[in-house]
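Enquirer: Have a look; sequence and predicted model below, questions after that.
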Amino acid sequence: MTQPAAHVPVLGALVLAAAVAAGCASGGPSPGTPGAGQGAEGPRWERQVTGITVRDSAGDRYRYPFLGGFNGPRPQLMDIDGDGDPDLFVQERTGEVMLFENDGSGEAGGTPSTESGSTSGALEPGFTWRTDDYRDLDVGEWYRFGDVDLDGDRDLLAQEPFSHVRYYRNDGAPGRPDFTLAADTLRTRAGEPIYSDPQNIPNVGNVDCDDRQDLLVGRLDGTVTRFEVSGFAGDTAGSNAGRGPVPRFRRVTDRFQDIEIVAEIAGVRHGANSLLVTDYDGDGDPDLFWGDYFESGLLYIENTGSCSQPNLRSRPVPFPPDDPVETSGYNAPTFGDVDGDGDRDLLIGVIGGAYNPLLTSADNLYYLENTDSGWSLRTRRFLPGIDVGEESVVAFADLDRDGDDDLVVANELDPRERTTSVMRTFENVGTDGDPEWRRAGSLPMRGDYQYAPAFGDLDGDGDEDMVLADWRDELAFYRNDGPSDGENDSAETGGRGGGDWDSFSVADSTLVTLTRGSHAVPALGDVDGDGDLDLFVGESSGFLNFYRNVGSPTDPEFELVSDEYGGFNVGRRSAPTLADLDGDGDLDLLVGSQDRGIRVFRNQGTPREPDFVADGRLGVATRGLSVPVLRDADGDGSPELFSGSAGGGVLYFDRRDAP
């Protein structure tokens with residue numbers, strides 16, 4: 001992941017600080033929370049979804065290369081800005097919902113390519129990323145926009161801890177939403193809290209076409225509870241007191257339309273679900289869609305009654321009827337005019353159910369276009385970016401010896417090969433100062449999961465060797481043997497795999513063995529100034545292991561100094577990287593973690609006698625597992641921060657100096 005001292009980027013007079021750009025709904029990014037040591041006029045880091053061109057193996061550009069990946073996206077199409085076209089909300093993480101503004105530039109079409117079922121060439125989604133955390137609204141495990149109070153704008157329901165329903169009232173004007181937390185917990189007329197299982201996504205709709213909205217809540221037994229708004233009142237119950245008019249509900253039935261959709265697995269009846277109420281067939285009455293944990297597709301229940309007298313007792317049928325979608329299960333649908341042609345298209349977020357979610361850990365946002373001849377699946381990755389599955393690790397190395405950095409992204413388990421981690425490679429077909437990465441294939445190592453590579457010249461021959469960790473407690477040393485034909489070729493991606501890529505052979509299968517822990521992440525750097533590379537290793541306990549190289553620049557030998565180096569513990573899954581953060585000539589330490597962001601340890605010693613001192617957290621919003629690496633990818637003299645993520649993608653933060 002890091003480099004020998006000669007290649008470690010010097011960051012200039014970088015003050016240890018950062019701020020994440022979290023764009024608002026109406027415009028560009030806004031600064032986030034200051035990080036360690038940041039003054040009012042200091043530099044910051046800004047979240048970038050684009051900024052460096054990345055292409056797939058067919059040469060098609062990823063529009064959103066650095067989103068960070070999706071494992072279980074929950075989409076909803078809705079016109080939030082009042083400009084007449086649907087914007088896209090996507091929830092991937094607990095408590096946050098992303099916004100992609102519809103900019104009207106989308107095109108639909110194209111033919112499926114061989115890469116992950118995506119669409120090549122003609123598909124260009126017309127949505128612009130605005131923020132990872134829309135309005136800082138805490139949405140818990142699920143969210144649902146709907147006009148609860150029938151005032152013409154969309155309010156927001158979300159999951160409250162302990163599985164109650166939170167209500168954000170929209171007090172804004174058309175096109176200028178303003179959400180007020182009006183109730184922590186929605187209640188019935190009798191004051192009873194409304195309960196919704198956290199794994200079930202309810203829906204707001206008017207199922208009988210009267211002047212009162214309904215709330216449909218799916219249950220784990222496959223039934224649906226219907227609540228209907230019975231009035232509004234100033235809420236005086238508990239923590240809701242004084243927050244203004246809040247809907248009160250009448251509990252209509254616990255068996256709405258006698259719906260019961262369950263699967264019996266090992267004698268257990270269970271039906272985690274996602275509900276959608278919409279007039280799909282355009283006959284003026286609401287129909288029902290159901291995505292179930294134990295259903296590989298999407299179920300459609302047609303309303304054979306009328307608007308005022310609904311009849312949803314017809315048999316559920318897989319959707320689309322002529323060519324049903326098949327996924328790993330638990331599908332969340334949303335309809336809207338994605339391509340601007342006047343009809344409603346369909347997006348399906350695959351949350352991942354009973355049918356091996358690994359298969360959809362990268363291909364999980366389906367776009368079905370509504371065409372004259374029926375529904376056409378255009379892509380399984382509607383927001384295309386780098387996504388290798390789950391728990392990605394990022395590294396850089398000049399693997400084709402052309403003088404610029406190529407990109408390596410490893411995963412926990414590969415969604416295509418399924419039994420091994422794979423290290424995907426992206427060749428830099430640009431320059432050292434103007435990178436452009438293109439999917440090239442993968443490194444040939446197979447057989448273990450949770451690969452984490454670190455590159456550096458361990459044998460003094462001028463090329464970059466590799467220390468490779470995996471889920472076990474042993475780390476291997478792979479010697480760089482120079483160019484070898486086909487070593488980067490990967491048939492499943494159609495990778496280029498030219499003959500000038502470096503090849504590797506095992507020089508030592510047990511270079512070091514951890515005293516405890518697993519899921520190791522290595523980092524190389526000359527921290528004691530003796531001319532050879534030393535080794536830090538993070539692992540599952542959150543401590544750091546430090547191995548001093550007591551060999552030579554051409555013959556490494558690592559000796560354990562401490563398996564609790566400095567007493568530093570970042571919580572879980574420590575992931576170190578080394579760089580001279582403050583330009584004082586010695587290496588400082590950044591350590592990622594599973595869920596506590598990136599910690600900074602400043603070297604207050606010397607290049608030969610390091611003394612790492614805790615200096616707070618780097619103020620960047622990582623997404624779950626953070627595995628950082630610093631690299632001056634664009635040659636501007638200051639580093640960019642890259643990180644793997646739980647979602648299997650790559651996060652990218654660019655340094656910005658204050659004006």
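Expert: Thanks, I have it. Just so we're clear, the structure is a prediction, and the values are computed from it rather than from any experiment. Numbering: from 1, shown residues only.
Enquirer: only C-alpha atoms for contact and neighbour calcs from this point on.
Expert: Will do.
Enquirer: Strands of the stretch 151-300 of the chain, start to end?
Expert: Assignment of strands within the stretch 151-300 of the chain using DSSP state E, counting those that start in this stretch yields the ranges 155-160, 164-170, 179-183, 187-188, 203-205, 214-218, 224-234, 245-253, 263-265, 268-270, 273-278, 287-292, 298-301.
Enquirer: The first one to strand 164-170, inter-axis angle?
Expert: Translated: strand 155-160. Angle between the axes of strand 155-160 and strand 164-170 is 150 degrees (criterion: axes from the mean of the first three to the mean of the last three CA atoms, to 10 degrees).
Enquirer: where in the stretch 301-450 of the chain is pLDDT low?
Expert: For the stretch 301-450 of the chain, no stretch has pLDDT under 70.
Enquirer: I misspoke; the intended subject was the chain.
Expert: 1-43, 106-123, 235-244, 264-270, 485-499, 657-659.
Enquirer: which SSE is the nearest residue to Y478 once chain neighbours are set aside in?
Expert: Excluding its sequence neighbours, the residue lying closest to Y478 (CA to CA, 6 or more residues apart in numbering) is V506, at 4.5 Å. Assigned by DSSP states H and E, V506 belongs to strand 502-513.
Enquirer: For that strand, give me every contacting residue.
Expert: Contact with strand 502-513 is made by 399-401, 465, 473-484, 487-488, 558, as judged by CA atoms under 8 Å, 6 or more residues apart in numbering.
Enquirer: Distance of A173 relative to Y367?
Expert: In this view, A173 and Y367 are 31 Å apart by CA to CA, to the nearest Å.
Enquirer: for E564, same thing?
Expert: For E564, the distance to Y367 - CA to CA - is 48 Å.
Enquirer: Who has more neighbours out of these two?
Expert: When neighbours are counted by other CA atoms under 10 Å, E564 and Y367 differ, and Y367 comes out ahead with 24 against 15.
Enquirer: Chain neighbours aside, what residue packs nearest to the more buried one?
Expert: Nearest one to Y367, counting by CA to CA, 6+ apart, is L347 at 4.7 Å.
Enquirer: can you tell me how far the one you found sits from R144?
Expert: Taking CA to CA, one finds L347 at 15 Å from R144.
Enquirer: Also R93?
Expert: For R93, the distance to R144 - CA to CA - is 15 Å.
Enquirer: For L275, give me its contacts.
Expert: So L275 contacts I201, P202, N203, L216, V217, G218, L288, F289, W290, G291, A332 (CA under 8 Å, 6+ apart).
Enquirer: Distance-wise, check it relative to F558.
Expert: L275 is 56 Å from F558, by CA to CA.
Enquirer: still on that earlier bit, the residue nearest to Y367 is in contact with L365, isn't it?
Expert: Yes - if you go by CA atoms under 8 Å, L347 and L365 touch, sitting 6.8 Å apart.
Enquirer: now the strands of the stretch 151-300 of the chain as a markdown table including distance to D132?
Expert: Formatted as a markdown table, the strands of the stretch 151-300 of the chain follow (distance: least, CA to CA, whole Å):
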| stretch | distance to D132 |
| --- | --- |
| strand 155-160 | 17 |
| strand 164-170 | 19 |
| strand 179-183 | 17 |
| strand 187-188 | 30 |
| strand 203-205 | 23 |
| strand 214-218 | 27 |
| strand 224-234 | 32 |
| strand 245-253 | 28 |
| strand 263-265 | 35 |
| strand 268-270 | 32 |
| strand 273-278 | 22 |
| strand 287-292 | 25 |
| strand 298-301 | 27 |
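Enquirer: among those strands, which is nearest S638?
Expert: The closest of those to S638 is strand 179-183. By CA to CA, the value is 39.0 Å.
Enquirer: what pairs with that closest one, and is each one parallel or antiparallel?
Expert: Next to strand 179-183 in the sheet, as set by DSSP bridges, lie strand 164-170 (antiparallel).
Enquirer: Residues contacting the strand it pairs with, please?
Expert: Against strand 164-170 from outside (CA under 8 Å, 6+ apart): 153-160, 177-186, 193-196.
Enquirer: Drop anything exposed from those.
Expert: Buried members of the contacts of strand 164-170, scored by 16 or more other CA atoms under 10 Å, are 153-160, 177, 179-186, 193-196.
Enquirer: Now find how far off-centre the strand holding V506 is within its chain.
Expert: Centre-to-centre, strand 502-513 and its host chain are 31 Å apart (CA atoms, centre = their mean, to the nearest Å).
Enquirer: and that strand, which residues are buried?
Expert: Buried, per 16+ other CA under 10 Å, within strand 502-513: D502, S503, F504, L511, V512.
Enquirer: Sheet-wise, list the partners of that strand with their directions.
Expert: Going by DSSP bridges, the partners of strand 502-513 are strand 474-483 (antiparallel).
Enquirer: Are we agreed that R135 is in a helix?
Expert: Yes - under DSSP: H, G, I helix; E, B strand; the rest coil, R135 falls within a helix.
Enquirer: got the contact list for M423?
Expert: Counting by CA under 8 Å, 6+ apart, M423 touches V408, V409, A410, N411, S442, L443, M445, Y451.
Enquirer: ok, now with 6 Å
Expert: Contact analysis of M423 by CA atoms under 6 Å, 6 or more residues apart in numbering lists V409, A410, S442, L443.
Enquirer: how close does it get to G441?
Expert: 9 Å.
Enquirer: what do you get for G644?
Expert: For G644, the distance to G441 - CA to CA - is 18 Å.
Enquirer: where do the strands sit along the stretch 401-550 of the chain?
Expert: Using DSSP E, counting those that start in this stretch, the strands assigned to the stretch 401-550 of the chain run over residues 406-410, 423-428, 436-442, 452-456, 465-469, 474-483, 502-513, 521-525, 534-538, 544-549.
Enquirer: contacting residues for R438?
Expert: V54, R55, D56, F426, E427.
Enquirer: ok, the third one to F127 distance?
Expert: Yep, that's D56 we're talking about. 19 Å.
Enquirer: ok, now the second one?
Expert: Using CA to CA, one gets 18 Å for the distance from R55 to F127.
Enquirer: in stretch 547-562, what's buried?
Expert: Going by 16+ other CA under 10 Å, stretch 547-562 has these buried residues: Y547, R548, N549, V550, P553, P556, E557, F558, L560, S562.
Enquirer: Now for the residues you listed: which two are most distant?
Expert: Checking those with CA to CA, the most distant pair is P553 and S562, at 21.7 Å.
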